[in-house]
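[1] Here is my input; please provide its structure:
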Amino acid sequence: MRGRSFLTTVSLAVVLLALAAYVLQGALSTTRATRQQSAALVVDQKFTEARIAVAMQEVNLRHYQVEPSVAVLGRFTQVAGEAEANLAELGESSDERIRKDAEGLLTGQIAYRRLAEELIAKVADSDPDYMQFDRLQVTPAFYSLQNDVDAIAHSYHEYAQQQVTRLRRTQGRLLVGTAIGFGAGLTLVAVIMRMMLGYQRRLVERAADSRYQALHDPLTGLSNRTLFQQELQQALDRGGPVALMVIDLDGFKAVNDTIGHHAGDQVLIEAGRRLSAQVGSPGVVARLGGDEFAVLIPSVSGLSEAVGLADRLVAELNRDFSIEGQLAAIGGSLGVALSPADSADQLFRHADTAMYRAKRRGGGVAVYDPGTDVEAQDDRMRLFADLRVLLETGDPDGQLQLWYQPQVRLSDGQVTAVEALVRWRHPTHGLVMPATLLPVVERGGLETGLTYHLLTVAARQAAAWLAAGWSCRVSVNVSPGALDDDRFAETVLATIDVAGIPAGLLCLELTETGIMADSGSALQTLRRVSRSGVAVSVDDFGTGFSSLLQLRDVPADELKIDRTFVRNLAEGTPDAIMVRSSTDLGHNLGLRVVAEGVEDVATLTRLREMGCDYAQGYVLSHPVPPEELRDACRRAEEVAGAAIPVAD
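    Coordinates of the predicted model:
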């Protein structure tokens, strides 16, 4: 008995010693596997962050091409620095493979950044060759870098997952071995398992969060372009009718420029929320970048259902946004395209083309039409090419014309100023109006060149009138982007000198949004021009978000009340209050006040009673060619004289 007890004791001791050794070995294996797993996940995270930063460079680079600004350039520089910092940190790893991969990607990143910065410089300088440079050098460099970083990040992600699997196996063996032992060992193993499983769950959640961040927009939480394209392709692969909508926010830049980028972010978040609430499941809403969104309806009954939803989405965007105690009024231009299409990319192009047609019409919904939109897209390309040649050659045939709309002085009914409005008498397209011309100019980066050309035409015309004995001030619309040109002030002053006219005969009209967008260099440029005697007019007043502080600092001579507030001037109406308040504000700031969009005699009379200085609109005259202007001015003075009796 004692011998059996001794044998049992010895056996138990051997089992306990074996179990202890097994537990110790298992703990060491688990610790080693955990350390390897943690290191692998850290490396995976760094490469993933670098991949996201590389992608965000491209997003900000494209955003800069559409909206060249210091803010967008700053975001590009920030994400470029983040990508290079992550890769440089990985390049210091003791692991030779990680070091070589990081150094190779860092070399490609630096090369791409240099090309991107060169492209940014070309865009900023309005270099017409920037698109070719982008297509031949920048875009291939980005895709090469993106493919490399995707492949490397994917390989390290797989390696991290292998370490997770290895850790699970080690834990399993430790659990089984300990369970065969005694209850205390089982309890200990259970505790260890709970701790390890918790750690593993956090690691898995971290990996899932990294994947989520890579496929979702960090601001709105919506799907990003990459995930949206995957979901679109899956919907097309399943067959059945698919509806794709591309949405661009109208007036969003004004929010950023006047209230601030933080307010702009809040508008984007709220816009995403409104769109998601209307679309519901199984639809998908994505933010493609900037102020552009996309909606996917993976199964739609037909065009009427898609258009009905599109109308509701635009209506939601047209509702005022309350941002930091201020109301921001934006809108939406939405393009709809339905499958079938040759590819997801083609369906995207269809919806995008329809969206731009909606934008040209002033917002709302447009459905892709194969005949109209393909022809319109081709026409835009031809118009852009023709316009660029015209501006480069100086328009020798005078195709780019200015038509003029009289401005009547309400104190005596006389025409002393006109507004110049561009028309393009194209040899094949006929008379191209601003609604068609200006989108081509803006998308092609020709705003500054066109502004300079039209200033020259207007100055020559003012000189011709002056030589004929008529002194008439000419207002010319100036693109906000032209103020960013270092040569703007010199060009304006040189144009006046060459034409030989007094500086006061030229008035530069800039929209309220554009003139308030830059409190630094733009205002300095305007002050320099204003000191020379050239007048400055704040156009479309009331449609932006300028503060009195901003308006005080602008070297303006004139305030133009937007036509939207001149429609109903009956006593007590919001429009009447707005016009009266704007007139008083302008006078208190020492500015002359012009009301545009006057459509009837009653409004003309009411404006004079309110103290408005000048008026223009169809009731007086439509824009006319220069050879018809004197007759148009006489008719306008007759209308004004009959409606506004002049005191003796």
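[2] Quick check: next helix or strand after the worst-scoring helix or strand of the chain on mean pLDDT?
    Lowest by mean pLDDT, DSSP states H and E among the helices and strands of the chain is helix 512-516, with a mean of 64. Downstream of helix 512-516, the next assigned helix or strand under DSSP states H and E is helix 521-531.
[3] buried set for that following helix?
    Within helix 521-531, the residues that count as buried by 16 or more other CB atoms under 10 Å are 522-523, 525-526, 528-530. No exception for glycine: its C-beta is placed from N, CA and C like everyone else's.
[4] Could you identify the helix or strand that succeeds it?
    Taking DSSP H and E, what comes next after helix 521-531 is strand 535-541.
[5] pLDDT weak spots in the stretch 451-600 of the chain?
    512-520, 542-550 (pLDDT under 70).
[6] Find the residue closest to Asp217 in space, skipping its chain neighbours.
    Nearest residue to Asp217 in three dimensions, chain neighbours excluded: Arg287, at 4.3 Å (CB to CB, 6 or more residues apart in numbering).
[7] I'd like to know how far the one you found sits from Ala358.
    As for Arg287, its distance to Ala358 is 19 Å (criterion: CB to CB, to the nearest Å).
[8] do you know how far Leu410 is from Asp134?
    Distance of Leu410 to Asp134, given as CB to CB: 51 Å.
[9] I misspoke; the intended subject was Glu571.
    Glu571 is 56 Å from Asp134, by CB to CB.
[10] for the protein, which strand is longest?
    strand 414-426 (DSSP state E).
[11] May I have the strands that pair with that one, each with its orientation?
    strand 400-409 (antiparallel), strand 430-432 (antiparallel), strand 473-477 (parallel) (DSSP bridges).
[12] Need these in CSV (columns: mean neighbour count and distance to Gln200).
    Compiled in CSV, the strands paired with strand 414-426 are given as follows (neighbours: other CB atoms under 10 Å; distance: least, CB to CB, whole Å):
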stretch, mean neighbour count, distance to Gln200
strand 400-409, 23, 69
strand 430-432, 13, 66
strand 473-477, 22, 64
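[13] The ones you listed into JSON lines, with extra columns for distance to Asp95?
    Output for the strands paired with strand 414-426, formatted as JSON lines (distance: least, CB to CB, whole Å):
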{"stretch": "strand 400-409", "distance to Asp95": "63"}
{"stretch": "strand 430-432", "distance to Asp95": "62"}
{"stretch": "strand 473-477", "distance to Asp95": "61"}
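[14] Out of those strands, which is closest to Ala151?
    With CB to CB as the criterion, Ala151 lies closest to strand 430-432 of the strands paired with strand 414-426, at 48.2 Å.
[15] Show the subsequent helix or strand relative to the closest one.
    Scanning forward in sequence from strand 430-432 by DSSP H and E, the next helix or strand is helix 434-444.
[16] so how far is that next one off the chain centroid?
    Computed by CA atoms, centre = their mean, to the nearest Å, the chain-centroid distance of helix 434-444 equals 17 Å.
[17] What mean pLDDT does that helix get?
    On average, the pLDDT along helix 434-444 is 80.
[18] got it, and stretch 53-60?
    Averaged across stretch 53-60, the pLDDT comes to 84.
[19] sorry, back to before: buried residues in the longest strand of the chain?
    414-415, 417-424, 426.
[20] picking up where we left off before, between Glu571 and Asp134, point out the one with more neighbours.
    Set Glu571 next to Asp134 and count neighbours by other CB atoms under 10 Å: Asp134 wins out with 21 against 9.
[21] That one looks like it's in a helix, true?
    Yes: the assignment for Asp134 is a helix, going by DSSP: H, G, I helix; E, B strand; the rest coil.
[22] Give me the distance between it and Glu442.
    To Glu442, Asp134 is 17 Å away according to CB to CB.
[23] and what of Arg32?
    Relative to Glu442, and taking CB to CB, Arg32 is found at 61 Å.
[24] His587 too?
    34 Å.
[25] How about Ile110?
    Distance of Ile110 to Glu442, given as CB to CB: 33 Å.
[26] Repeat that for Leu87.
    Distance, Leu87 to Glu442, using CB to CB: 37 Å.
[27] Give me the more crowded residue out of these two.
    Leu87 (26 against 14).
[28] Give the helix, strand or coil label for the closest residue to Ile269 other than its chain neighbours.
    Sequence neighbours aside, Thr220 is the residue nearest to Ile269 in space, at 5.4 Å (criterion: CB to CB, 6+ apart). Judged by three-state DSSP, the three-state class of Thr220 is coil.
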